[in-house]
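In: Sequence below, structure please.
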Amino acid sequence: MITKTFTEKPLIELRSSDFNDDEQIEIYANDLRYAKVGDIFEAPLSGGCGRAVHHESIEIVYKTITGIAALFRCEGTTDSPTPKPWANEPELIWFEIHGMGGKENGQTKNKD
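Out: Below you'll find the predicted structure:
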């Protein structure tokens with residue numbers, strides 16, 4: 001018998017790093033499926049150096065029975081003895097996730 005294995009892949013990986021540390025978090029469909037509007041996902045950063053910081057996050061801003069909208073933010077500091085803050089413009093990401101409708105979300109699909 002031939003056996004195949006299918007592994008779920010993360011929808012997005014978020015990274016946080018600084019001069020001393022590097023952390024990453026993987027976000028899967030179920031993480032977003034059960035999140036509420038206003039929830040924020042971000043990789044933890046324990047170093048606290050404050051120099052050469054790179055920090056990524058997503059904030060859930062909208063949910064429907066077909067998917068989830070999130071704001072991706074990337075900010076940090078420069079790599080210098082007196083670091084200066086920087087931030088990219090937020091990017092809107094749409095995650096289309098199967099199985100969003102139904103009783104678990106208190107929603108039902110409209111029949112055409």
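In: now the helices: where do they sit in the chain?
Out: 29-33 (DSSP state H).
In: Point out where it drops to low pLDDT.
Out: Along the chain, the model assigns pLDDT under 70 to residues 47, 101-112.
In: ranges for the strands of it?
Out: 12-17, 22-27, 40-42, 54-63, 67-77, 85-87, 91-96 (DSSP state E).
In: okay, the ones you listed in a markdown table with distance to M1 and mean neighbour count next?
Out: (Each C-beta comes from the backbone N, C-alpha and C, glycine too.) Listed next are these as a markdown table, based on distance: least, C-beta to C-beta, whole Å; neighbours: other C-beta atoms under 10 Å:
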| stretch | distance to M1 | mean neighbour count |
| --- | --- | --- |
| strand 12-17 | 34 | 17 |
| strand 22-27 | 31 | 15 |
| strand 40-42 | 40 | 15 |
| strand 54-63 | 41 | 18 |
| strand 67-77 | 37 | 18 |
| strand 85-87 | 54 | 11 |
| strand 91-96 | 34 | 13 |
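In: who's in contact with K84?
Out: 77-78 (C-beta atoms under 8 Å, 6 or more residues apart in numbering).
In: ok, back up a step: got the strands of the chain as TSV, with distance to G48 columns?
Out: As requested, these are arranged in TSV below (distance: least, C-beta to C-beta, whole Å):
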stretch	distance to G48
strand 12-17	11
strand 22-27	12
strand 40-42	15
strand 54-63	12
strand 67-77	12
strand 85-87	15
strand 91-96	27
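In: M100: neighbour count?
Out: Residues near M100, counting by other C-beta atoms under 10 Å, number 20.
In: Equivalent analysis for M1, please.
Out: Around M1 there are 2 residues (other C-beta under 10 Å).
In: ok, now the one 3 residues further on?
Out: Residue crowding around K4 was assessed by other C-beta under 10 Å; the count is 4.
In: State the distance from it to A29.
Out: Per C-beta to C-beta, to the nearest Å, K4 is found 20 Å from A29.
In: ditto for L92
Out: L92 is 19 Å from A29, by C-beta to C-beta.
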